[in-house]
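Student: Sharing a model that was predicted from the sequence below.
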Amino acid sequence: MQFKDIIGHSEIKKQLIEEVNEGRIPNTQLFQGPTGAGAFPLALAYAQYINCSNKKSTDSCGKCLSCKQTSKLIYPDLHFSFPITTKKAKNKHYICDDFLPEWRRLVTNQSYFNFDHWLETIDAQNSQPIIYISESTELIKKLSLKSSQGGYKVVIIWLPEKMNLECANGLLKLLEEPPTQTVFLLVSEDSENIIPTIISRSQPRYIPALPDSEISTALREKYNILPQESDKIAHLAQGNFIKALESIHLNKEKQHYFELFVSLMRLSYLRNIKEMKAWSENVAEMGRERQKSFLNYCQHMVRESFIHNIGHSELNYMTQTEEAFAKNFAPYINESNVFEMMNQLSEASKHIEQNVNAKMVFFDFSLKTIVLIKP
C-alpha cells in the first residue's frame, strides 16, 4: 500500500513522511476516525514507508523487497492484531496468526473495508470477534526478538476497542516502553471504547471524514463514474468511501439488509402475523453483530424515507435501489410515527446488545410496526 493509493488526506500524508525522514517516529500512535475515512490504509502505507529501502520524498518506492512483501502482508517485521473468534483456537490460545490467510485475502483485495466485511470473511456467524489476552502474550514474544530485516518492527492493531480488558492491560507496559525501533499503530473507529490508559500512552492522529470532492474525484478516476453520478454518490457517502463503493452497487450484506427491511414493511402492511413470525426467526439466526448492523440499517431507511417524504431530496442519502423503494414507502413514514419508529429500533438494538432473546426482540418490533405504519 502506497500513499498514492489513498484518497485525500494530503496534509496527514505529508506529516507522516516528514516524521519518518526527520527520525522522529512516535512509538505508539492512534489513528482514529470514522469508518471509510481511510485510517487503516494510511497506517498500512505509513508502515510500508517506514521500512522502504528506497524512499522517495512523497512515497515509498513500491519496488524494493520490503515494499513488495508489505504489499502482500508478508513482511517479517510487520505484525497485525485484529478481532477474531474462537473457532480456530488451540488449547484456548486465541491468536490472530490463525486468521492471517483470511486477513491477507481481505486486505489485499479491498484496502477500504469495515467490521462487517471482516465478519463475513471469517464467517463469524453468532460469534462476537474480540482481541484476546493470548494476543498480548503473542505480541510480547514476537517483539522480544530482533528485527529480522534490520529496520523497524511495526505492529498494526486494527480496532483496539475490541480488545478485552485483560489483553488491553497486558499490552500497557509494552506500549509505554516498547522495544528499540518498534512502532505501534492503533487504528480505531470508536476510540471512546478504548481504555484511558492506552489512550494516554498513544499519540493521537485524527483522520477526518473525506470531503465530497475527494470521493467524487476518486470515483471518476478509479471507477470511471460520470461526473454527475460521482457527485451524487459522494454526497450519499457522507465522507465514507466504503459507503460510496456500496452506493455503486449494494454489496451482498447491504442487499440482504435491504431485502429484510422491505419484507418486514410489506408483511406489516399486510398484517401477516404468521410470516412475520417466520421473518423474526430468520433474523434471529444472524449473529449479534449482524443483527445490530441490520437495526442500524433500518434506522437509516426510516430516516431517509422521512426526509424523502417531506421533499428535501438534497438531504437524502440513499442508493438508487433504496430510493426506488422509498418513492412508494416514504408516505408511510411521517411526523406522527417517525420518532416512535426510531425509538423502537434503538430499544431493539439495546436489547440485542444485552443478549435478550433475538426472536422475541424482532417479533415484538415487527408487531409494533403494524401499528406504526398503518395508513
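Tutor: Thanks, I have the structure now. If you're wondering where the values come from, they're calculated on a predicted model, not measured in any experiment. Residues are numbered from 1 along each chain as shown.

Student: Which positions within the helix of greatest length in the chain qualify as buried?
Tutor: Of all segments of type helix in the chain, defined using DSSP state H, the longest is helix 288-309. Across helix 288-309, burial judged by 16 or more other CB atoms under 10 Å covers 288-295, 297-309. C-beta: built from backbone N, CA, C; applies to glycine.

Student: Stretch 354-371 now?
Tutor: Using 16+ other CB under 10 Å as the test for burial, stretch 354-371 gives 358, 361, 362, 363, 364, 365, 366, 367, 368, 369, 370.

Student: Dump the C-alpha coordinates for that stretch into CSV.
Tutor: Extracted in CSV, the C-alpha atoms of stretch 354-371 (Å, rounded to 0.1, in the frame of the first residue of the first chain):
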residue,chain,number,x,y,z
GLN,A,354,-28.0,-7.1,26.3
ASN,A,355,-28.4,-10.6,24.9
VAL,A,356,-32.2,-10.6,25.1
ASN,A,357,-33.7,-13.4,23.1
ALA,A,358,-33.4,-12.2,19.5
LYS,A,359,-36.6,-14.0,18.3
MET,A,360,-38.6,-12.1,20.9
VAL,A,361,-36.9,-8.8,20.1
PHE,A,362,-37.6,-8.9,16.4
PHE,A,363,-41.1,-10.3,16.6
ASP,A,364,-42.0,-7.7,19.2
PHE,A,365,-40.6,-5.0,16.9
SER,A,366,-42.4,-6.4,13.9
LEU,A,367,-45.8,-6.3,15.7
LYS,A,368,-45.2,-2.7,16.8
THR,A,369,-44.5,-1.9,13.2
ILE,A,370,-48.0,-2.9,12.2
VAL,A,371,-49.4,-0.2,14.3
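
Student: how far does that stretch sit from the chain's center?
Tutor: Chain-centre distance of stretch 354-371: 26 Å, with CA atoms, centre = their mean, to the nearest Å.

Student: Over to stretch 362-375?
Tutor: Offset of stretch 362-375 from its chain centre (CA atoms, centre = their mean): 30 Å.

Student: Can you tell me what sits against that stretch?
Tutor: Identification of contacts with stretch 362-375 by CB atoms under 8 Å, 6 or more residues apart in numbering yields 264-265, 267-269, 271, 273, 276-277, 279-280, 283-284, 291, 332-333, 337, 340-341, 344-345, 348.

Student: Spit out the contact partners of the closest residue to residue 192 other than its chain neighbours.
Tutor: With sequence-adjacent residues excluded and distances taken as CB to CB, 6 or more residues apart in numbering, residue 192 is closest to residue 161, at 7.9 Å. By CB under 8 Å, 6+ apart, the contact set of residue 161 is 188, 189, 190, 191, 192, 193, 194.

Student: Out of those residues, list just those in strands.
Tutor: Among the contacts of residue 161, DSSP state E puts residue 188 in strands.

Student: of the contacts of residue 161, buried ones?
Tutor: Buried members of the contacts of residue 161, counted by 16+ other CB under 10 Å: 188, 189, 191, 194.

Student: okay, these in JSON lines with pLDDT next?
Tutor: Formatted as JSON lines, these follow (pLDDT from 0 to 100):
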{"residue": "188", "pLDDT": "96"}
{"residue": "189", "pLDDT": "95"}
{"residue": "191", "pLDDT": "92"}
{"residue": "194", "pLDDT": "94"}
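
Student: I'd like those residues laid out as JSON lines, including distance to residue 259.
Tutor: Conversion of the buried ones among the contacts of residue 161 to JSON lines gives the following (distance: CB to CB, whole Å):
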{"residue": "188", "distance to residue 259": "32"}
{"residue": "189", "distance to residue 259": "26"}
{"residue": "191", "distance to residue 259": "34"}
{"residue": "194", "distance to residue 259": "35"}
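
Student: quick one: which of those residues is nearest to residue 216?
Tutor: residue 189 (23.1 Å; CB to CB).

Student: Just confirm the closest one contacts residue 36, I think it does.
Tutor: No. Residue 189 is beyond contact range of residue 36, at 9.1 Å (criterion: CB atoms under 8 Å).

Student: intersection of neighbour lists for these two?
Tutor: Joint contacts of residue 189 and residue 36 (CB under 8 Å, 6+ apart) are residue 114.

Student: what sits against the closest residue to residue 106 other than its chain neighbours?
Tutor: Distance criterion CB to CB, 6+ apart; nearest residue to residue 106, sequence neighbours excluded, is residue 121 at 4.7 Å. Shown in contact with residue 121 (CB under 8 Å, 6+ apart): 102, 103, 105, 106.

Student: Taking those residues, please make a PyMOL selection of just the buried ones.
Tutor: Here is the PyMOL command that selects the buried residues among the contacts of residue 121 (16+ other CB under 10 Å):
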select buried, resi 102+103+106
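
Student: Can I get the contacts of residue 121 in TSV including pLDDT, distance to residue 168 and secondary structure?
Tutor: Output for the contacts of residue 121, formatted as TSV (pLDDT from 0 to 100; distance: CB to CB, whole Å; DSSP: H, G, I helix; E, B strand; the rest coil):
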residue	pLDDT	distance to residue 168	secondary structure
102	96	24	helix
103	97	21	helix
105	95	28	helix
106	95	24	helix
